[in-house]
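Undergrad: Turn this into a model:
(one chain, ligands or ions: 1)
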Amino acid sequence: MPEPATAEGPDVVVVGQGYVGLPVALRAARVGRRVLGFDLDKDRVDKLRRGESFVDDVTDADLRTVIADGRFRAGDDAAELAGFSTAVVCVPTPLRDGAPDLGHIESAARLLAPHVTPGCCVVLESTTYPGTTEEVFAPILEAGSGLRAGPDFHLGYSPERIDPTNPRFGLVNTPKIVSGVDEASVRAVRAFYDLLVDETVLAGSVREAELAKLLENTFRHVNIALVNELAIYCHELGIDVWSVIDMAATKPFGFMRFTPGPGVGGHCLPIDPSYLSWQVRRALGRTFRFVEIANDVNDNMPGYVVARVAEHLNRRRLAVNGSRILLAGLTYKRNSGDVRSSPAILVARRLQALGADLHAVDPFLTAADVPEGVELVPCDAEQVAAADLVVVLTDHDELDWELLGSVPEHVLDTRNRLRGPAVDRL
Ligand code: SAJ
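TA: Residues are numbered from 1 along each chain as shown. Reported below is the predicted structural model:
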């Protein structure tokens with residue numbers, strides 16, 4: 001698709017065009033800004049230039065509209081960053097050997113620094129530990145521009161809250177926390193997002209904004225670990241943990257439902273809480289025990305599921321070794337095609353190591369996505385009948401649940417998707 005020429009350079013640049021950056025770039029273009037979606041991944045940039053989206057919440061049509069309007073273009077040449085009035089950085093913040101890896105943030109700062117001009121505004125959105133914006137990101141911008149964050153250019157932090165495939169909440173209708181290193185920066189950051197979203201919420205400081213995001217995900221991680229550990233004990237006590245959670249959830253206040261599962265995957269929960277515990281350990285020499293315990297419990301769940309598989313087969317005088325097991329769902333969560341840190345993949349690998357004959361059904365995946373030796377098969381009667389055991393790991397809505405549950409005494413369900421007394425559940 002030919003790229004319409006844009007008369008001038010971008011006034012907004014968004015560095016990082018993934019599930020966070022692309023929606024931000026598209027929204028800025030939609031509200032009339034001239035936007036450059038910048039990414040170092042040339043293949044990703046080529047797809048965007050062709051009007052092809054690779055992000056759940058952005059359609060090809062969304063993309064082609066703003067390209068045709070001349071409001072959005074994708075680029076991978078740092079020279080194209082020149083001239084921005086607002087830069088938003090939405091790059092990954094993974095862990096490396098258990099510690100925060102700020103390499104992408106530092107790289108983005110180095111790319112932007114030569115193009116930082118007096119009065120411009122730079123915002124970091126990537127999830128990170130308190131202090132990153134002012135102690136890591138700002139010094140690189142200042143060194144590369146000769147300008148000072150605050151007095152010369154505006155700088156702030158606004159945590160991303162994108163929940164891919166969420167049918168109710170998206171960028172526009174999710175309150176956006178904003179912050180700045182000084183009053184003028186607060187005004188500039190807030191003014192930018194006030195154009196993009198329904199509601200901005202002012203944090204008392206940049207560090208508060210950074211920590212608020214970590215709290216959001218640590219809260220989930222800890223509470224998921226709570227119900228995971230409860231599930232283990234309920235199984236041994238002969239109590240139905242799913243029914244217990246349903247009962248507790250009838251309380252209209254002071255309780256929030258979380259459910260057990262095969263572990264915690266994705267791009268957020270396995271990582272963000274460890275940014276917090278790492279910072280507490282580094283800054284205070286203390287152990288953030290809740291995070292450490294939650295990591296331990298959640299990391300243990302794939303192994304626990306494998307133990308339950310062995311226990312289930314053993315009751316039928318079958319060994320894992322040589323048993324034909326059909327895994328239902330391999331991605332990290334329902335209705336997502338993302339396998340990053342998926343606990344289901346860890347379960348598959350462990351069962352494989354024990355000699356199981358593994359087949360899997362997952363409508364979101366291709367054979368290339370699944371571990372070698374695991375055969376991706378259609379969800380059909382032949383596959384279910386041939387399986388010694390069906391293990392539900394990720395309960396995608398579009399799987400044939402009536403078929404998967406057609407032999408309930410041959411099912412271990414880790415997501416409480418299948419009903420009936422014969423089904424074995426976490
Ligand atoms: N999980 C459970 N039990 C639960 C909830 C989740 O086992 O009760 C598992 C999921 O299966 C998955 C992992 O935890 O493997 C993470 O699930 P998640 O629902 O937290 O989904 P994520 O990782 O996509 O988290 C995102 C986060 N969004 C951002 O960081 C912007 C999180 O803050 C959102 O609250 C979450 O989506 C959401 O609510 O869906």
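Undergrad: shaky segments in this protein?
TA: 1-7 (pLDDT under 70).
Undergrad: measure the closest residue to Cys90 other than its chain neighbours to Val35 for me?
TA: Of all residues not flanking Cys90 in the chain, Gly21 sits nearest, at 3.5 Å (Cβ to Cβ, 6 or more residues apart in numbering). Placement of C-beta: from N, CA and C, glycine included. Distance, Gly21 to Val35, by Cβ to Cβ, to the nearest Å: 11 Å.
Undergrad: Now do the phi/psi pair for the residue nearest to Ser205 when sequence neighbours are not counted.
TA: Excluding its sequence neighbours, the residue lying closest to Ser205 (Cβ to Cβ, 6+ apart) is Ser179, at 6.3 Å. Phi and psi for Ser179, reported as degrees, to the nearest 10, are phi -160, psi 160.
Undergrad: quick one, what contacts Ser179?
TA: Contact analysis of Ser179 by Cβ atoms under 8 Å, 6 or more residues apart in numbering lists 156-158, 186, 189, 202-206, 208-209.
Undergrad: what do you get for Ala328?
TA: Per Cβ under 8 Å, 6+ apart, neighbours of Ala328: 360-362, 379, 390-395, 399, 404.
Undergrad: Which of the residues you listed fall within strands?
TA: Within the contacts of Ala328, residues falling in strands by DSSP state E are 360-361, 390-392.
Undergrad: Against which helices or strands is the host helix or strand of Ala310 packed?
TA: Assessed by DSSP states H and E, Ala310 sits inside helix 289-315. Counting contacts by 3 or more Cβ pairs under 8 Å, 6 or more residues apart in numbering; DSSP states H and E, helix 289-315 is packed against helix 206-237, helix 272-284, helix 343-353, strand 389-392, strand 411-413.
Undergrad: Please save the CA atoms from the fourth one in CSV.
TA: If I follow you right, that is strand 389-392. Provided in CSV are the C-alpha atoms of strand 389-392 (Å, rounded to 0.1, in the frame of the first residue of the first chain):
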residue,chain,number,x,y,z
LEU,A,389,-6.2,-38.6,29.7
VAL,A,390,-7.4,-35.1,28.7
VAL,A,391,-5.7,-32.3,30.6
VAL,A,392,-7.3,-28.9,30.5
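Undergrad: shouldn't Arg340 be in contact with Cys268?
TA: No - taking Cβ atoms under 8 Å as the definition, Arg340 is not a contact partner of Cys268, at 9.9 Å.
Undergrad: more crowded one of these two?
TA: Higher neighbour count among Arg340 and Cys268: Cys268, with 20 against 15, using other Cβ atoms under 10 Å.
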